[in-house]
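Enquirer: build me a model from this:
(2 chains)
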Amino acid sequence: GAVVSQHPSWVICKSGTSVKIECRSLDFQATTMFWYRQFPKQSLMLMATSNEGSKATYEQGVEKDKFLINHASLTLSTLTVTSAHPEDSSFYICSARGEASSYEQYFGPGTRLTVT
Amino acid sequence: GQNIDQPTEMTATEGAIVQINCTYQTSGFNGLFWYQQHAGEAPTFLSYNVLDGLEEKGRFSSFLSRSKGYSYLLLKELQMKDSASYLCAVIEGDYKLSFGAGTTVTVRA
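Expert: Numbering: from 1, shown residues only, chains lettered A, B, ... in the order given. Got it, this is the predicted structure:
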């Protein structure tokens, strides 16, 4: 149980275009989903937290107009990188929390974004 | 905010034991996680400590001392497949996970 999927697993796009990444909880309802970014040889950095049906909460330094997050249902959250630039190239990982009383987060397999 | 420190790299021999230390400074501590991450993959859960003491789970054990802001992950009977990055992460407040930079463990034959 507690499986989280991401799509796509990797994507290459041209500078200036937008890319959407999907995160789905397959066998549970996710009250909260999280989006992380990881640069090579660095740790995961939380970008934003989203609760179903409400606006995402962004971490300091993360541009909300550039990284659009939508959490339309209890099993799906999407991250759209708008007007992507090469410096946005990174490994994007989502996680989901099921029960509100649990601290554990279940991670998706990640999406490798390369902007050329 | 968080200050989470762990060593950058460790090397050990197959069958040996390795201990990865993690120190942290935080407010609103609600527990500490250890994750394993292979290159290009998402982290996988290893352990969760919220009370002081040692939690043993097979070849992996995790220890926590809240008063010292200190944890360690102990890997016993090392196998080649244990070569990975090990991430220490602290829960702050209700849900926010803050990660250390990770310790890359290399297991040699």
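Enquirer: what are the boundaries of the strands in chain B?
Expert: Here chain B has its strands, by DSSP state E, at B:3-5, B:9-13, B:18-25, B:29-37, B:44-49, B:53-57, B:60-65, B:70-75, B:84-92, B:96-99, B:103-108.
Enquirer: deepest-packed of the ones you listed, please.
Expert: Ranked by average neighbour count under the criterion mean count of other CB atoms under 10 Å in any protein chain shown, the strands of chain B are headed by strand B:84-92 at a mean of 23. All C-beta spots, glycine's among them, are computed from the backbone N, C-alpha and C.
Enquirer: just the CA trace of that one, in PDB.
Expert: C-alpha atoms of strand B:84-92 as PDB (Å, rounded to 0.1, in the frame of the first residue of the first chain):
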ATOM      1  CA  ALA B  84      23.400   4.700  -1.500                       C
ATOM      2  CA  SER B  85      22.800   8.200   0.000                       C
ATOM      3  CA  TYR B  86      21.300   8.200   3.500                       C
ATOM      4  CA  LEU B  87      19.200  11.200   4.400                       C
ATOM      5  CA  CYS B  88      18.400  12.500   7.900                       C
ATOM      6  CA  ALA B  89      15.200  14.500   8.000                       C
ATOM      7  CA  VAL B  90      13.500  16.300  10.800                       C
ATOM      8  CA  ILE B  91       9.800  17.000  11.200                       C
ATOM      9  CA  GLU B  92       9.100  20.500  12.300                       C
END
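Enquirer: now the strands of chain B as a markdown table including distance to A:Leu44?
Expert: Shown next, in a markdown table, are the strands of chain B (distance: least, CB to CB, whole Å):
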| stretch | distance to A:Leu44 |
| --- | --- |
| strand B:3-5 | 11 |
| strand B:9-13 | 18 |
| strand B:18-25 | 15 |
| strand B:29-37 | 9 |
| strand B:44-49 | 13 |
| strand B:53-57 | 22 |
| strand B:60-65 | 19 |
| strand B:70-75 | 17 |
| strand B:84-92 | 7 |
| strand B:96-99 | 5 |
| strand B:103-108 | 14 |
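Enquirer: what pLDDT does the spatially most central residue of chain A get?
Expert: Closest to where the C-alpha atoms of chain A average out (CA atoms, centre = their mean) is A:Trp35, at 3.5 Å. Confidence at A:Trp35, expressed as pLDDT, is 96.
Enquirer: hmm, stretch A:89-105 touching chain B?
Expert: Yes - applying CB under 8 Å from any CB of the partner chain, one finds stretch A:89-105 in contact with chain B at A:Phe91, A:Ile93, A:Ser95, A:Arg97, A:Tyr103, A:Glu104, A:Gln105.
Enquirer: okay, and the beta partners of the closest residue to the fifth one other than its chain neighbours?
Expert: Spatial nearest neighbour of A:Tyr103, excluding adjacent residues (CB to CB, 6 or more residues apart in numbering or on different chains): B:Ile91 at 5.0 Å. Taking DSSP bridges as the rule, B:Ile91 bridges to B:Leu97.
Enquirer: I figured B:Ile91 was touching B:Ser27, is that so?
Expert: No - judged on CB atoms under 8 Å, B:Ile91 makes no contact with B:Ser27 at a distance of 11.7 Å.
Enquirer: alright, that wraps it up for me.
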